[in-house]
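1. how does the following fold in three dimensions:
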Amino acid sequence: MAELEGLEFGKSDFVLLDEVTMDQFMENLKLRFQKGRIYTYIGEVVVSMNPYRQMDIFGKETIEAYRGRELYENPPHLYAVSDAAYKAMKRRAKDTCIVISGESGAGKTEASKYIMQYIAAITNPGQRVEVESVKNVLLKSNCVLEAFGNAKTNRNDNSSRFGKYMDINFNFNGDPTGGHINNYLLEKSRVVHQQQGERNFHSFYQLLRGGSEEMLQSLHLQGDPALYVFTREGAGAATSYNDRSNHKAVMSALDVIGFSNQEITSIYQILASILLLGNVQFEVDGESVQVVEDGVVNQIAELTATDPDCVVKSLLYRTVATGGGEVIEKGHTEQDACFGREAFAKALYERLFGWIVSRINSVIEVKNYNPVLHGKNTVIGVLDIYGFEIFDNNSFEQFCINYCNEKLQQLFIELILQQEQSEYQREGITWQHIDYFNNQIIVDLVEQPHKGIISILDEACLTVGKVTDTVCLESMNTKLAQHPHYTSRKLSPTDKTMDFQKHFRIRHYAGDVTYSVEGFLDKNKDLLFQDFKRLMYNSANPVLKEMWPDGQLGITEVTKRPLTAASLFKNSIVALVDKLACKEPYYVRCIKPNEVKSPVLFDDARCQHQVAYLGLLENVMVRRAGFAYRQLYSRFLQRYKMTCEYTWPNHLMASDRDAVEAIIRQHGFQDDVAFGHTKLFVRTPRSLFTLEQERAALIPILVLFLQKIWRGALARLRCKRMRAIYTIMGCYKRYKVKAHFWEVEGRFANVRTTADYGRSVEWPAPPAALTQFHQITLMWWARQVVKNIPPSDMPEVRAKVAALTALQGERKHWGVGRAWERDYLANVRNCPQTSSDFIRVSKELKNKDGFTQVVFSGLCRKVNRFNKSTDRALLITDKFVYKLEPKKQYKILKKLPLDVFTGLSTTSGVDQMLVLHTSNKDDILLCLQRGELCPNQDRVGEVVGALVDYFTRSQTRLQHHIHKHTHLRTRTHHHTHTQTGVVLWGLLKSCVLIRCSCCTIRCCCCCLSSRSAAGILKH
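-> Numbers count the residues shown, from 1 in each chain. Sure thing, here's the model as predicted:
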């Protein structure tokens, strides 16, 4: 924890210093830097020292340690302020921003990347695909913008040469849903000129040193930056930036973001065109100017998809429209041609960078957002903008950059120092005023209408005639002579550090900066000949054409004079400050420990200067005397009322302030708070954290209680609805039943008098409750039919019904259409020669065994185990089953009680095969003979029906099986009942003998096909 850090590391919060003096502040800052503690708090402000080395404090474990924690629970870190901004946004649905400030080389860009990584790591725990996609694009955009917007300077190997403000949008769950990037004042002059020891933008060196040989060849480039004028200065500059690996990372990032292959190719074609433009040389040929080498121009034309002649014409001539509408072409001087070439190169890069930013914005913008459906859309802003700069030669770009830092410092002063003290006075809080430097006077010096430097520059640019930089400087000297923060050599003749008619000096909050006025007007005008705009608009490359929409204007069209570069920048910075002012700010103040990028050197004078102009000491004083948290009574009560029994769920006190006092008294925080007129002020974060902890513990209980109440209400509502539904359903069902009965009554009114008793009448579709109702009519119809059948025919009808039920439609032909004789052996027509003998034997058996009826009798064939075929007769009575010898006056060969039979099997074919199963596994296989009564009679169905009917009436279960045909292809086949069964082919009329290891079946089958025989094997 922060307060438990050892004293050897110094004070983790400058507010804890024994005395608030510059000496103690610097001593603590130096000690922490030397001990590797690069972060220190001033309340909620993080002071960050650039360590100039890699530090192992940014991994996943560190992220987890700071996730959801309060500021004072862990040592100072960027992650802590990032988490504080995220919690404020999520808890209070309030837009927040993180402002990162400091001079160039203090580590602002790295700090913004760590903040982005932390926010990405702690969001979207559910790993939703669409949220992960947004996070990836937001992170990858940093890589792309660094490549095209950063460069090596003498102070920083990766200096941001543009300002970036990124808004990250979050849904009500706290997951990022999109974002938007604003860029400010790209230092495009760096494209054509760099100071000694500095480099052009990273993108050029990445392309030349990291691009493949094939890629460079297609772009008409070589891999040595020293071959090109625009990159020659930085070709030999030492840098820690790896161009080759970073080029691969940028290509990958462009692909992840969603740039198409054509767009990526167009980006590098434009970079190559800019490099080749720098190598275009001019020469004077008499009175005209010519391009030295046409080959370079042809390559530029190919890369920009334009006509070479048009490129040459745009470089050498300027099209001018006269007042009368006449169009003339004015040739350039060599100086004008060089100016136009460089202006064209700068504009190409600026348009490319702006297009890349807008293309990224089109991918990450929040789409299909509806506040009603998706809840409030909250924002965290991250500002990473160029720091204060003081160079040996400071020009227009440094003037704009330092003006931007003045505005941000003014915002810091207003929010942290001025507004805080004013609020204490308004709320009646006892307060001792703290003096601080207010830089509003410097901001007014730059931006004040009609009197400020920007207004003087704009006035000079709008003046007709030849107005030089020197004339503009004279105008500033005249109008600003009395300003305490402005001077020049004319106003201070004894100051020899400035030159006459060249330099002026502004006393900034961060120090005095001397500016060279040379080039101020040209850079402020930002002049680009219209011919270049039309050239690019007429390009066959759609990407390039999209970047130059103003090129579609005709030569004679009159347009409004565009704003100057300084005015555009001032307007954008004012808009940025207004945007930041409406959010809850969190600050990261970056300090550069030394000028030589050493990880161990601490330059006391350099650091003290930064501490002074950043106003950190005043910040400590205000924070030490002030309060960490303040909130309106109503909002404080709304958030923490559940922590006090007197305020939950609603209080009965006179005012919200009384209710808040009750909460404070119950928790014992009286000595740590102050009560204002409309707000409560809490001095230390610990008190607030205690309330948050108690609230977090109570929220689940309250949620469960509310869920219980709501679920009960929903259950009661559903119960009422279900009762209403069942009432309606009951009425409707009764109506449908009555309607069905009325319909049935109408259709079946006269069926008693019809021949088929209404069998042909179609039933109406019944409701669900009456799906079985028509069975009653079927039973009535069956009763009408059955009662007309003579009693003598009823046994046959019952047997056929039993056979129909048992066969289940599997056997197509089973003798249903003929009369069943049952006792075929006693029938003279079927057995004319032996019927009398059978009748005699039957009577004898009846007297002897006492059976009452013959269930079935008929002839069959059988093959014994010795492969001999003989005729046999089968007699089935209600007590016994007899096997008889027909050729010996029906001599009894075997008699089995009927109750030993447990089932029967047959096939689905036309054969007469039948298997009678016994309880002792001595099964009988029969092939019934048709006799002489009808050679084509099927008697299997009759046997099945007779036996099933008999067993049914005797209330005994008889199993029955119908086996499908199987084709027998070989003489040996595995029996389905056992693996040892063998089929032995007989010698007489395709008869078969079955022998099985688990049962013995003996039968002779005559006229039996191999297909029918195979069905037996599944008995």
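2. for the stretch 201-350 of the chain, just list every one of the strands.
-> 282-285, 288-291, 317-321, 327-331 (DSSP state E, counting those that start in this stretch).
3. for these, which one sits closest to residue 862?
-> Of all the strands of the stretch 201-350 of the chain, strand 288-291 sits nearest to residue 862, with 117.7 Å by C-beta to C-beta. No exception for glycine: its C-beta is placed from N, CA and C like everyone else's.
4. before we move on, back to that, as JSON lines, the strands of the stretch 201-350 of the chain with distance to residue 211 would be great.
-> Listed next are the strands of the stretch 201-350 of the chain as JSON lines, based on distance: least, C-beta to C-beta, whole Å:
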{"stretch": "strand 282-285", "distance to residue 211": "29"}
{"stretch": "strand 288-291", "distance to residue 211": "26"}
{"stretch": "strand 317-321", "distance to residue 211": "34"}
{"stretch": "strand 327-331", "distance to residue 211": "37"}
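5. quick check: which of those is nearest to residue 236?
-> For these, the distance to residue 236 is smallest for strand 282-285, at 27.1 Å, taking C-beta to C-beta.
6. rounded mean pLDDT for that closest one, please.
-> Regarding strand 282-285, the rounded mean pLDDT is 88.
7. neighbours around residue 33, how many?
-> 22 (other C-beta atoms under 10 Å).
8. over to the one 5 residues further on?
-> Residue 38 has 22 neighbouring residues, counting by other C-beta under 10 Å.
9. what's the spacing between it and residue 126?
-> 34 Å (C-beta to C-beta, to the nearest Å).
10. residue 437 too?
-> Residue 437 sits 49 Å away from residue 126, taking C-beta to C-beta as the criterion.
11. give the residue from those two that has the larger number of neighbours.
-> Looking at residue 437 and residue 126 with other C-beta under 10 Å, you find the greater number of neighbours at residue 437, namely 15 against 9.
12. ends of stretch 806-816, how far apart?
-> When the termini of stretch 806-816 are compared using C-alpha to C-alpha, to the nearest Å, they are 13 Å apart.
13. can you report the mean pLDDT over the residues of that stretch?
-> What stretch 806-816 shows for mean pLDDT is 84.
14. next: stretch 691-710.
-> On average, stretch 691-710 scores 88.
15. in stretch 816-827, which residues are buried?
-> Across stretch 816-827, burial judged by 16 or more other C-beta atoms under 10 Å covers 820, 821, 822, 823, 824, 825, 826, 827.
16. what's the answer for stretch 115-133, then?
-> With the criterion 16+ other C-beta under 10 Å, stretch 115-133 contains buried residues 115, 116, 117, 118, 119, 120, 122, 123, 124, 131, 132.
17. ditto for stretch 634-653
-> Judged by neighbour count using 16+ other C-beta under 10 Å, the buried positions of stretch 634-653 are 636, 637, 640, 641, 642, 643, 644, 647, 651.
18. biggest helix in the chain by residues?
-> For the chain, the longest helix by residue count, based on DSSP state H, is helix 685-747.
19. what helices or strands is the next helix or strand along the chain from that one leaning on?
-> Toward the C-terminal end, the helix or strand that comes next after helix 685-747 (DSSP states H and E) is helix 774-786. For helix 774-786, there is no helix or strand it packs on, judged by 3 or more C-beta pairs under 8 Å, 6 or more residues apart in numbering; DSSP states H and E.
20. give me the mean pLDDT for helix 774-786.
-> Summarised as a single mean, pLDDT over helix 774-786 is 78.
21. now the buried residues of stretch 816-827 as JSON lines including secondary structure and pLDDT?
-> Formatted as JSON lines, those follow (DSSP: H, G, I helix; E, B strand; the rest coil; pLDDT from 0 to 100):
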{"residue": "820", "secondary structure": "coil", "pLDDT": "87"}
{"residue": "821", "secondary structure": "coil", "pLDDT": "84"}
{"residue": "822", "secondary structure": "coil", "pLDDT": "86"}
{"residue": "823", "secondary structure": "strand", "pLDDT": "87"}
{"residue": "824", "secondary structure": "coil", "pLDDT": "88"}
{"residue": "825", "secondary structure": "coil", "pLDDT": "88"}
{"residue": "826", "secondary structure": "coil", "pLDDT": "88"}
{"residue": "827", "secondary structure": "coil", "pLDDT": "86"}
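22. closest one of these to residue 287?
-> If you rank the buried residues of stretch 816-827 by distance to residue 287 using C-beta to C-beta, residue 820 comes first, at 131.0 Å.
23. mind listing what the closest one touches?
-> Shown in contact with residue 820 (C-beta atoms under 8 Å, 6 or more residues apart in numbering): 796, 799, 800, 942, 945, 946.
24. please name the nearest non-neighbouring residue to the fourth one.
-> Yep, that's residue 942 we're talking about. Closest residue to residue 942 apart from its sequence neighbours, by C-beta to C-beta, 6 or more residues apart in numbering: residue 820 at 4.8 Å.
25. mind putting the buried residues of stretch 634-653 in a markdown table, distance to residue 695 and pLDDT included?
-> Rendered in a markdown table, the data for the buried residues of stretch 634-653 read as follows (distance: C-beta to C-beta, whole Å; pLDDT from 0 to 100):
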| residue | distance to residue 695 | pLDDT |
| --- | --- | --- |
| 636 | 11 | 84 |
| 637 | 12 | 87 |
| 640 | 6 | 86 |
| 641 | 10 | 86 |
| 642 | 7 | 84 |
| 643 | 6 | 85 |
| 644 | 11 | 86 |
| 647 | 12 | 87 |
| 651 | 16 | 84 |
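26. nearest to residue 682, of these?
-> Proximity of those to residue 682 was ranked by C-beta to C-beta; the top entry is residue 636 with 9.0 Å.
27. tell me what the helix or strand encompassing the closest one is packed against?
-> Under the assignment given by DSSP H and E, the secondary-structure element containing residue 636 is helix 633-640. With contacts defined as 3+ C-beta pairs under 8 Å, 6+ apart, helix 633-640 has these neighbours: helix 656-667, strand 679-682, helix 685-747.
28. please identify the deepest-packed of these.
-> strand 679-682 (a mean of 22; mean count of other C-beta atoms under 10 Å).
29. who does it pair up with?
-> strand 629-632 (antiparallel), strand 673-675 (antiparallel) (DSSP bridges).
30. confidence-wise, which of these is weakest overall?
-> strand 629-632 (a mean of 76).
31. now what about that strand, what contacts it?
-> Against strand 629-632 from outside (C-beta under 8 Å, 6+ apart): 423, 639, 676, 678, 679, 680, 681, 682, 685, 688.
32. now do the contacts for residue 359.
-> By C-beta under 8 Å, 6+ apart, residue 359 lies in contact with 257, 259, 263.
33. what average pLDDT does whichever strand or helix holds it get?
-> Here residue 359, judged by DSSP H and E, is contained in helix 334-364. Mean pLDDT, helix 334-364: 92.
34. angle of it against strand 327-331?
-> 110 degrees (axes from the mean of the first three to the mean of the last three C-alpha atoms, to 10 degrees).
35. and the angle for helix 334-364 with strand 317-321?
-> Using the same axes, to 10 degrees, helix 334-364 lies at 80 degrees relative to strand 317-321.
36. quick one on the thing from earlier: quick one: list the elements packing against the longest helix of the chain.
-> Under the contact criterion of 3+ C-beta pairs under 8 Å, 6+ apart, helix 685-747 touches helix 633-640, helix 656-667.
37. tell me, which of the ones you listed is the model least confident about?
-> By mean pLDDT, the lowest-scoring of these turns out to be helix 633-640, with a mean of 84.
38. just the residues contacting that one, thanks.
-> By C-beta under 8 Å, 6+ apart, the residues outside helix 633-640 that reach it are 631, 647, 651, 655-657, 659-660, 663, 678-680, 691, 695.
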